[in-house]
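Peer 1: Kindly return the folded structure for what I paste below:
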Amino acid sequence: MPSTETISCLIVDDETIAREIIETHLSQIKNVSIVASCSNAIEAFGYINKHAIDLVFLDINMPEISGISFAKSINSDIKVIFTTAYRDYAVEGFELKAVDYLLKPISFESLQKSVHNYFEIYGKTQHNKQLTYEASEFIFVRSERKMIKIDYDTIIYIESYSDYLKIHLENHTIVTRETISAIEAKLPNQRFLRIHRSYIIAINSIQSFTNEYITIQNKALPISRSYKKAVLNHLEKF
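Peer 2: Down below sits the predicted model:
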């Protein structure tokens with residue numbers, strides 16, 4: 001089976017964390033190349049004028065020039081996947097014939113599906129409609145003014161303190177300025193589980209659980225009411 005040709009992608013979002021999440025997800029997908037990651041539409045125009053772009057991951061609610069206005073002004077051969085925290089723009093987004101409309105925080109699975117849809121409809125090699133990917137075994141987080149690599153296997157659980165996180169590892173703890181929803185979107189859901197507005201746990205680290213809490217490293221972490229059904233359904237599969 002012939003391989004799909006690589007497509008060139010552009011990320012446009014005024015939120016740094018949102019761009020980093022998309023970059024992390026795309027880095028796990030074969031046949032996708034990120035040309036640039038831009039914080040505004042004006043910067044993005046510069047790349048579109050100088051590079052051949054196939055697909056744009058485009059935030060809608062941006063200052064100065066909105067994503068909708070940007071999408072209307074670029075060549076129709078450049079396809080768009082809208083990324084936004086607001087449902088209100090969905091109709092207008094699809095009227096522009098967007099490939100997809102993703103709501104933040106964006107999970108790897110939803111983004112992978114959107115890229116697959118792009119290949120299905122616009123893929124350069126029509127014989128190959130199977131999108132493949134290589135799952136990474138780590139993430140990078142910003143801490144102490146540098147990006148730190150964290151292997152998934154070393155994560156025990158993650159604890160939220162408003163805009164800060166404590167990532168509890170096997171031998172130490174890393175503090176990073178990020179929301180728990182943003183890091184949840186970066187983590188593979190087959191290995192990590194959100195059990196509370198303040199906790200994400202590594203499934204392999206579970207010692208025991210009840211309907212009310214999960215024990216990890218002899219510490220009981222609460223399962224909140226809003227997550228209980230999803231958590232118990234997930235754990236009962238094992």
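Peer 1: Export the lengthiest helix in the chain to CSV, keeping only CA atoms.
Peer 2: When every helix of the chain is counted residue by residue (DSSP state H), the longest turns out to be helix 108-122. The C-alpha trace of helix 108-122 is given here as CSV (Å, rounded to 0.1, in the frame of the first residue of the first chain):
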residue,chain,number,x,y,z
PHE,A,108,-5.6,13.6,20.8
GLU,A,109,-8.4,11.3,19.7
SER,A,110,-10.6,14.1,18.4
LEU,A,111,-7.8,15.8,16.6
GLN,A,112,-6.6,12.5,15.1
LYS,A,113,-10.1,11.9,13.8
SER,A,114,-10.2,15.4,12.2
VAL,A,115,-6.9,14.9,10.4
HIS,A,116,-8.1,11.5,9.3
ASN,A,117,-11.2,13.2,7.8
TYR,A,118,-8.9,15.6,6.0
PHE,A,119,-7.0,12.7,4.4
GLU,A,120,-10.3,10.9,3.6
ILE,A,121,-11.6,13.9,1.7
TYR,A,122,-8.5,15.7,0.4
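Peer 1: helices or strands up against it?
Peer 2: Packing partners of helix 108-122 (3 or more CB pairs under 8 Å, 6 or more residues apart in numbering; DSSP states H and E): helix 16-26, strand 79-84, strand 100-103. Where C-beta positions appear, they are placed from N, C-alpha and C, glycine not excepted.
Peer 1: which residues are in contact with whichever helix or strand comes after that helix?
Peer 2: Counting by DSSP states H and E, the next helix or strand C-terminal to helix 108-122 is strand 138-143. Residues from elsewhere that reach strand 138-143 (CB atoms under 8 Å, 6 or more residues apart in numbering): 24, 147-152, 165, 167, 174-178, 183, 186-187.
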